[in-house]
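1. How does the following fold in three dimensions:
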Amino acid sequence: MQPTYPAETFPAHTPAASQVFTTVLAHGPLTRLDVARLAGLSPAAVTKAVRPLIEAGYLVEDAGAEARPALGRPANPLRVDGGRALFTGLKVTGDEIIGVLTDLCCRILVARRVPLAGRAPRDVLTVAVDLVDELRTEADGFGVPVLGLGIALAGDVDRAEGTVRYSPFLDWHDVPLAGPAGAASGLPVTVDNDVRALTVAEQWFGDGVGLSDFAVVTVGAGIGCGLVVHGRVVSGAHGVAGEIGHLPVDPDGPPCHCGNRGCLEAVAADAAILARVREVTGADVAGTAEAVALAHRGDEGARAVYERAGEAIGRGIATVANLLGPERVIISGEGLAAYDLYAAQIRDGFAAAAFGSAARCEIRTRPLPFEEWARGAAATAIRSFVGR
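-> Below you'll find the model as predicted:
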């Protein structure tokens, strides 16, 4: 496919304009005065920012909707026109790519899953671009342009450079991805860590809406953490902020793929749990589902493995709460299939390690399929497009 980078750019040329748009995106419909209050801007600044967004069709004024009167200024609610533009998002695992086509409000319109025949960068890129082509063909029926592509995958991802520094499930080291994907797809590309991408979606559209400080902790093939501090998704100076999977929880514990011992992932990730269940029970369990079933049948050894994992996860979450003091921690990931086996231990581990008022942090579970992670990738593309 020939590159066809869209000439269209978002008509918000100041940080204030981007802030106004994302405020309406996450909280709308809103009156201008409500936008000013939530965004911390003056009503005059909001009015100035809104005008080009309405003219370009990104914001719509609902003249027929009821709103409380406001002296001297229109009180009609503003909302984002979700159908104004489309975006694609890809979640890459070690075995497949999950792709979605979303509207500007990040509502999933089309979802697809494609298996990976190989994990080499060239193989993954070929499958990814073919999937994007398929999604863009679906987009033709909506009559509006696709303006960006987000790609999310586990590991150490340099978002600014569009480079995957290390991805354990793909065995990638220093792989440039944004440039080749952009050249092949003809779209502006944003590449980010998958948990951080999921956190963007939760901040704008999920359980993080309205919260200034929260965290997303994912359990499953790995243990990840996305952080929002003072309303901003935190990457850190080197892009690895939130890597709680490599917090040491047991100095004498099992080896971790990172080269250390006793990391949280080495105790509580799916592969670690599976290996330990096989060791303590002697059962030839073929995968995570069988390990969970064995524990559900009451096998004491298997249950003890999950309880140990839950306690370690709880202590990891407490570390996040102690350091950053979030209002809420959202637990997600495919590991929630076993949540009933270690929920009590997560709570106990958290309570034992949380210091003082950090223990007031709300712990909330939110099961999300990988289509939602791909939606997070699309959310990063939307964020890049609007300049946030």
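
2. Low-confidence ranges, this structure, go.
-> In the predicted model of the chain, residues 1-7, 64-74, 238-239, 388 satisfy pLDDT under 70.

3. rerun at 50
-> The chain contains residues with pLDDT under 50 at 1-6, 67.

4. ok, the most centrally placed residue in it - contacts?
-> The centre of the chain sits closest to Leu198, judged by CA atoms, centre = their mean, with a distance of 0.9 Å. Neighbour list for Leu198: Ala152, Val216, Thr218, Gly226, Ser332, Leu368, Glu372, Trp373, Gly376 [criterion: CB atoms under 8 Å, 6 or more residues apart in numbering]. Quick note: C-beta positions are derived from backbone N, CA and C, even for glycine.

5. I believe the second one is in a strand; please confirm or correct that.
-> So the one you mean is Val216. Yes. Counting by DSSP: H, G, I helix; E, B strand; the rest coil, Val216 falls inside a strand.

6. What is the neighbour count of it?
-> Neighbourhood size, Val216 [other CB atoms under 10 Å]: 32.

7. Quick check: it vs Gly376, distance?
-> Noted for Val216: a distance of 9 Å to Gly376, by CB to CB, to the nearest Å.

8. any residues in contact with both of those two?
-> Common contacts of Val216 and Gly376, defined by CB under 8 Å, 6+ apart, comprise Leu198, Thr199, Glu202.

9. Can I get those in JSON lines including distance to Thr137 and secondary structure?
-> Below are the shared contacts of Val216 and Gly376 laid out as JSON lines (distance: CB to CB, whole Å; DSSP: H, G, I helix; E, B strand; the rest coil):
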{"residue": "Leu198", "distance to Thr137": "26", "secondary structure": "helix"}
{"residue": "Thr199", "distance to Thr137": "30", "secondary structure": "helix"}
{"residue": "Glu202", "distance to Thr137": "30", "secondary structure": "helix"}
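
10. Tyr166 falls within a strand, correct?
-> Yes. Tyr166 forms part of a strand when assessed by three-state DSSP.

11. quick one: which helix or strand includes Ala344?
-> When elements are defined using DSSP states H and E, Ala344 is found to belong to helix 339-353.

12. The helix ranked longest in the chain to helix 339-353, inter-axis angle?
-> Secondary structure of the chain per DSSP state H: the longest helix is helix 300-324. Helix 300-324 and helix 339-353 are oriented at 50 degrees to each other (axes from the mean of the first three to the mean of the last three CA atoms, to 10 degrees).

13. about what we covered before: so of the contacts of Leu198, which ones are in helices?
-> Among those, the members found in helices (DSSP H) are Glu372, Trp373, Gly376.

14. What is the burial count for the first one?
-> A total of 22 residues lie near Glu372 under the criterion other CB under 10 Å.

15. Pull up the gap between it and Asp123, please.
-> The gap separating Glu372 from Asp123 is 25 Å, by CB to CB.

16. picking that back up, run through the neighbouring helices and strands of the longest helix of the chain.
-> If contacts are counted by 3 or more CB pairs under 8 Å, 6 or more residues apart in numbering; DSSP states H and E, helix 300-324 sits against strand 214-219, strand 223-229, helix 264-268, helix 270-281, helix 288-296, strand 328-332, helix 339-353.

17. how about CSV for the ones you listed, with distance to Phe10 added?
-> Below are those laid out as CSV (distance: least, CB to CB, whole Å):
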stretch, distance to Phe10
strand 214-219, 26
strand 223-229, 22
helix 264-268, 38
helix 270-281, 39
helix 288-296, 42
strand 328-332, 28
helix 339-353, 39
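
18. Specify the stretch among these that is closest to Pro15.
-> Closest approach to Pro15 among the helices and strands packed on helix 300-324 (CB to CB): strand 223-229, 17.7 Å.

19. so what strands line up beside the closest one?
-> Strands that pair with strand 223-229, judged by DSSP bridges, come out as strand 214-219 (antiparallel), strand 232-234 (antiparallel).

20. what's the angle from that strand to helix 270-281?
-> Using the same axes, to 10 degrees: strand 223-229 against helix 270-281 is 140 degrees.

21. For strand 223-229, list every residue counted as buried.
-> With burial defined by 16 or more other CB atoms under 10 Å, the residues of strand 223-229 counted as buried are Ile223, Gly224, Cys225, Gly226, Leu227, Val228.

22. how about the strands in the stretch 1-150 of the chain?
-> 59-61, 78-80, 86-92, 96-103, 108-115, 146-153 (DSSP state E, counting those that start in this stretch).

23. just so I know, which of these lies nearest Val46?
-> Using CB to CB, the nearest of the strands of the stretch 1-150 of the chain to Val46 is strand 78-80, at 9.2 Å.

24. one step back: tell me which of the helices and strands packed on helix 300-324 lies nearest to Phe87.
-> Taking these one by one with CB to CB, strand 223-229 is closest: 19.4 Å.

25. Closest one of the buried residues of strand 223-229 to Gly118?
-> The closest of the buried residues of strand 223-229, once distances to Gly118 are taken by CB to CB, is Gly224, at 24.4 Å.

26. quick one, what contacts the closest one?
-> Applying CB under 8 Å, 6+ apart to Gly224 gives the contacts Ala154, Asn193, Asp194, Val195, Val216, Val217, Thr218, Gly242, Glu243, Ile244, Gly245, Gly333.

27. between the residues you listed, which is closest to Leu86?
-> Distance to Leu86, by CB to CB, is smallest for Asp194 among the contacts of Gly224, at 21.2 Å.

28. Now that the closest one has come up, it's in contact with Lys91, right?
-> Yes. Taking contacts as CB atoms under 8 Å, Asp194 lies within contact range of Lys91: 6.1 Å.

29. Which neighbours do those two have in common?
-> Common neighbours of Asp194 and Lys91 (CB under 8 Å, 6+ apart) are Ala152, Leu153, Trp373, Gly376, Ala377.

30. Farthest pair within those residues?
-> Within the shared contacts of Asp194 and Lys91, two members stand farthest from each other by CB to CB: Leu153 and Gly376, at 11.3 Å.

31. pretty sure Glu134 contacts Leu101?
-> No. Contact between Glu134 and Leu101 fails when scored by CB under 8 Å: they sit 9.3 Å apart.
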